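Colleague: Predicted model, plus sequence, below.
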Amino acid sequence: MLKNENIICISSIDWDFIWQGHQEIMSIFAKNSNRVLFIENTGVRPPGIRDIPRIKKRIKNYFRGIKGIRKEHDNLYIFSPIILPFPYSWIAHKINKFLLLSVLEKWMKLLDFSDPIIWTFLPTGITLGITNSINKKIIIYYCIDNFHGSSSSAKKVRITEKKLLKKADLVFVTSKALYDYCREYNSNVSIFPFGVNISNFEKVRLARTEVPEELNGIGKPIVGYIGGIHRWIDQKLVKAIALNSPDFAFVFVGPLQTDISFLSDVKNIYFLGNKDHKKLPYLIKYFSVTMIPYLINDYTRNVYPTKLNEYLSMGKPVVSTDLPEVRFFNQKYEGIVYVAQAAGEFCACINNAVNQDNDSLRQMRIEAAKDNNWQSRIEQMSNIIDRTVEKKMVDKEAIWREGLLFLYRRARRKFVQLALTLILAYSFIFYTPLLWFIASPLKISQAPKKTDAIVVFAGGVGESGRAGQGYEERVQFAVELYKNGYASHMIFCSGYKYIFEEPLLMKTLAVSLGIPPEVIILEEKARNTYENVKFSKQILDKQKWNKILLVSSPYHMWRVSLVFNKMAKNIEVTYAPLPNSLFYSRRNKDAYGRRAWKQINLQQIEGIFREYIGILYYWFKGYI
């Protein structure tokens, strides 16, 4: 038996639902010094109206604990998570994974719940999310149902189930059909049908007890059924055998999970509702015959009925429809279960079960149930788990050298890939015209024509990002345009100051180049392109000028034009950027007269991207 392990159980039912193998297995593990976190059902299908009571119960259970976790008894904790009920939505999956793990990881850290065995009954995306996010010893998938056949809305679970089967270290199944299915994806599959806690039933069987009050007044031999009253019960069969067997009472014990109105008018059929698991042996004790009246379909062909061993542990005869797993059971235990395929045959089997019953048959049934005792079954499971954990540890130890070499080789490969990527990127950026192609939309250049004034937007820190660069060549080009008669006035626009105010430096340079000082107007407040346009427009409006030649850096023109189009639509602007900007020059030869392969330098790249960032910023501010 496993001992001193941490176990996370991802269940396909809630803890307070009908007592089944889920609760039995984890309770036994908890009693044997293992710490268990039992995560209640998170679903394989979207909930419907009939699930409203279960949803209410989940909300109530959530608030019974702290963030949904409560302590049931020593070593056993129940987690009742509240999540989005859309099991196949990737958005819901991401949110649910966060909701679950945010609680789970904190709880595990607080309780030092490290390296758990993950034991799941549920093959959903949530299960994969948990198993992928937690350091664990091994993953066990206990496949107890054909989930994708349980309903049309659960068909998509097949995708995640295949992934889980391939990922699991161990797979346990409850039937031969499930074994054949799981073996397609995993070689470590073992058959372990649900068992019975024989001691609980044996105590009641051997004790002297009173007839339970629920059975008082029935007054007939009872053909009994325990378990959920679900859609897999063949109601047509039940009605037919009840009508044909008026001397028997047909008693169903369990929660109603489907519509039973079809059976409501049959007087010898009784529904007692859900009962505590501890009370079931007392009820079964007073059944004359027990039954498993299931439909035969794709879903039930995979079903091993848990109630079978509970019936047999009380020595009771069992009549069942022809389920494949009941057939396999009969092959092993000499046909101790009566099998019927139609209503008439079922009635005959009930009569035979009553008439043929004797101490020898009762003992055979009890011995078969003992052979399927949960204690021995979990012992067998534990032995397989221990061997798997040990083998996994040995394998890790054996392959550490190969693993380390693999990690180094992978790191080296990634380094080489990164280096090659960087070299290629560097080559594309600096040795091809790629960046100039990217920059081309920024450049607007028009043939100069006669206007009212030449407006020069100064450089400030300019394209290079350094003070004192840019304005000289702009002033020189503007002077050339003035001397060629394109305008009678000049406006120098800048509010930048580095030692001296930039407009004064621009005017001084222009005058030194032969421009009359009286034709020069200075705008000395603008701190950026937006204010260049704003304040130069005020001057132009005052002078009643509406045609200008605009001089600035070639790759600054797009932003200037966008601002003019937004703020000064009355001004007709001819964009005349520097024809040969020193900063943006593309040299064909290096300092030694050799061909220059390098197409661009880092400062030019920085200037181009600064301009694009400036445009984005202006758009955000609403300037353009």
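Modeller: Received the coordinates, thanks.
Colleague: and residue 71, what does it touch?
Modeller: Each residue near residue 71 by C-beta atoms under 8 Å, 6 or more residues apart in numbering is listed here: 65, 77, 78. C-beta: built from backbone N, CA, C; applies to glycine.
Colleague: Please report how far the first one lies from residue 80.
Modeller: Right, residue 65. 7 Å (C-beta to C-beta, to the nearest Å).
Colleague: more neighbours, the two?
Modeller: residue 80 (24 against 16; other C-beta atoms under 10 Å).
Colleague: Distance of the more buried one relative to residue 103?
Modeller: Applying C-beta to C-beta to residue 80 and residue 103 gives a distance of 11 Å.
Colleague: Which helix or which strand is home to residue 509?
Modeller: helix 502-512 (DSSP states H and E).
Colleague: what's next to that helix, contact-wise?
Modeller: 456, 458-460, 471-472, 474-476, 478-479, 490, 492-496, 517, 520, 522-524.
Colleague: List the ones among these that fall in helices.
Modeller: 471, 472, 474, 475, 476, 478, 479 (DSSP state H).
Colleague: Any chance of TSV for those, columns pLDDT?
Modeller: Output for those, formatted as TSV (pLDDT from 0 to 100):
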residue	pLDDT
471	79
472	85
474	90
475	91
476	91
478	93
479	94
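Colleague: Show me the helices in the stretch 101-250 of the chain, by range?
Modeller: In the stretch 101-250 of the chain, the segments counted as helices under DSSP state H, counting those that start in this stretch are 125-133, 157-167, 176-182, 198-206, 235-244.
Colleague: and of the ones you listed, who's closest to residue 384?
Modeller: helix 176-182 (14.4 Å; C-beta to C-beta).
Colleague: any idea how far the closest one is from the chain center?
Modeller: The chain centre lies 28 Å from the centre of helix 176-182; the measure is C-alpha atoms, centre = their mean, to the nearest Å.
Colleague: and that helix, what does it pack onto?
Modeller: strand 139-143, strand 170-173, strand 189-191, helix 324-332 (3 or more C-beta pairs under 8 Å, 6 or more residues apart in numbering; DSSP states H and E).
Colleague: out of the ones you listed, nearest to residue 597?
Modeller: Proximity to residue 597 (C-beta to C-beta) singles out strand 139-143 among these, at 56.8 Å.
Colleague: Adjacent strands (with direction) for that closest one?
Modeller: Using DSSP bridges, the strands paired with strand 139-143 in its sheet are strand 117-120 (parallel), strand 170-173 (parallel).
Colleague: Any chance you could list residues touching both of residue 80 and residue 103?
Modeller: 68, 69.
Colleague: that older thread, of the ones in helices among the contacts of helix 502-512, closest to residue 600?
Modeller: Once C-beta to C-beta is applied, the member of the ones in helices among the contacts of helix 502-512 that ends up nearest residue 600 is residue 474, at 21.6 Å.
Colleague: who are the neighbours in contact with the closest one?
Modeller: So residue 474 contacts 456, 457, 458, 459, 506, 551, 552, 553, 578 (C-beta under 8 Å, 6+ apart).
Colleague: For the longest helix belonging to the chain, buried residues please.
Modeller: When the chain is parsed with DSSP H, its longest helix is helix 400-430. By 16 or more other C-beta atoms under 10 Å, the buried positions in helix 400-430 come out as residue 430.
Colleague: That helix: how far from the chain's middle?
Modeller: Using C-alpha atoms, centre = their mean, the offset of helix 400-430 from its chain centre is 30 Å.
Colleague: Residue 200 is in contact with residue 314, correct?
Modeller: No - under the criterion of C-beta atoms under 8 Å, residue 314 makes no contact with residue 200, lying 10.6 Å away.
Colleague: More neighbours: which of the two?
Modeller: Comparing residue 314 with residue 200 by neighbour count (other C-beta under 10 Å), the higher total belongs to residue 314, at 24 against 18.
Colleague: In space, what's closest to that one - neighbours in sequence excluded?
Modeller: Take residue 314 and drop its neighbours on the chain: the residue closest to it by C-beta to C-beta, 6 or more residues apart in numbering is residue 284, 4.7 Å away.
Colleague: residues contacting that neighbour?
Modeller: The contact partners of residue 284, taken as C-beta under 8 Å, 6+ apart, are 201, 224, 226, 290, 310, 311, 314, 316.
Colleague: quick one: which of those sit in strands?
Modeller: 224, 226, 290 (DSSP state E).
Colleague: Just the closest of the residues you listed to residue 276, please.
Modeller: residue 226 (11.8 Å).
Colleague: What separation is there between that closest one and residue 283?
Modeller: 7 Å.
Colleague: Mutual contacts of these two, please.
Modeller: If you check residue 226 and residue 283 against C-beta under 8 Å, 6+ apart, the residues they both contact are residue 253.
Colleague: one step back: out of the contacts of residue 71, list just those in helices.
Modeller: Within the contacts of residue 71, no residue falls in helices by DSSP H.
Colleague: What is the nearest of the residues you listed to residue 425?
Modeller: Using C-beta to C-beta, the contacts of residue 71 come closest to residue 425 at residue 77, 52.4 Å.
Colleague: so that closest one bridges to which residues?
Modeller: Beta-bridge partners of residue 77, as defined by DSSP bridges: residue 37, residue 71.
Colleague: What is the burial count for it?
Modeller: Residues near residue 77, counting by other C-beta under 10 Å: 20.
Colleague: Surely it is in contact with residue 36?
Modeller: Yes - the criterion here is C-beta under 8 Å, and residue 77 meets it with residue 36 at 6.9 Å.
Colleague: any shared contact partners between these two?
Modeller: What both residue 77 and residue 36 touch, as defined by C-beta under 8 Å, 6+ apart, is an empty set.
Colleague: quick one: least confident helix or strand in the chain?
Modeller: strand 497-498 (a mean of 68; mean pLDDT, DSSP states H and E).
Colleague: Could you report the pLDDT at residue 551?
Modeller: Note on residue 551: pLDDT of 94.
Colleague: related to what we said a few turns ago, which SSE is immediately downstream of the longest helix of the chain?
Modeller: helix 434-439.
Colleague: buried set for that next one?
Modeller: 435, 436, 439.
Colleague: ok, and what's touching it?
Modeller: Contacts of helix 434-439 (C-beta under 8 Å, 6+ apart): 428, 429, 555, 586, 599, 600, 604, 605, 608, 611.
Colleague: Look up the pLDDT of the residue nearest to residue 314 for me, please.
Modeller: Model confidence at residue 284 (pLDDT) stands at 96.
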